[in-house]
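Trainee: Sequence plus the predicted model coming up.
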Amino acid sequence: MDILSLKAALDLGKKALEIVRQTKELLPNGKEKDTAKIVINEADTAFKLAESKIAQDLGYQLCRCTWPPQIMLSIEQEKYGEKFQCPKCKSILSSEMPPL
Ligand SMILES: [Zn+2]
């Protein structure tokens, strides 16, 4: 499976998780609902980690301000490199290389 197919599968999985998350709200308060919350949070973390791994394989930078890591997005293309910004903490990373 190539990386983009994997990303599509991951997106479907995330949609399924969202449906499960909404369905959980129908459960009465109690032990089962608490267990459902824990399992859903674990699945959410696993999905975010898989997404970070895919992003990294696609050449994206990761910010370590949270766990799972945030995927930094390109904000500026420069002559000698590119700048990336974390959507969460707004820190900027530059891939700028000094000219040879
Ligand atoms: Zn960050």
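Mentor: Received it, and whenever you're ready, just let me know what you need.
Trainee: Now the element after whichever helix or strand residue 37 is part of, going C-ward?
Mentor: Following DSSP states H and E, one finds residue 37 within helix 31-57. Tracing the chain C-terminally past helix 31-57 and defining elements by DSSP H and E, one meets strand 62-63 next.
Trainee: Can you list the strands that that following strand pairs with?
Mentor: strand 70-71 (antiparallel) (DSSP bridges).
Trainee: tell me the mean pLDDT over the strand it pairs with?
Mentor: Mean pLDDT, strand 70-71: 95.
Trainee: and after it, which helix or strand comes next?
Mentor: Next along from strand 70-71, by DSSP H and E: strand 73-78.
Trainee: The helix holding residue 37 versus strand 73-78: what angle between them?
Mentor: Counting by axes from the mean of the first three to the mean of the last three CA atoms, to 10 degrees, helix 31-57 lies at 20 degrees to strand 73-78.
Trainee: Would you check that my belief about residue 49 contacting residue 68 is correct?
Mentor: Yes. Using CB atoms under 8 Å, residue 49 is in contact with residue 68, at 4.7 Å. Yep, even glycine has a C-beta here, placed from its N, CA and C like the rest.
Trainee: between these two, which one's more packed in?
Mentor: residue 68 (17 against 13; other CB atoms under 10 Å).
Trainee: Can you get me a residue count around the closest residue to that one other than its chain neighbours?
Mentor: With CB to CB, 6 or more residues apart in numbering as the criterion, residue 68 has its nearest non-adjacent residue at 3.9 Å, and that residue is residue 48. For residue 48, the tally of surrounding residues (other CB under 10 Å) stands at 18.
Trainee: any idea how far residue 48 lies from the ion?
Mentor: 14 Å (CB to the ion, to the nearest Å).
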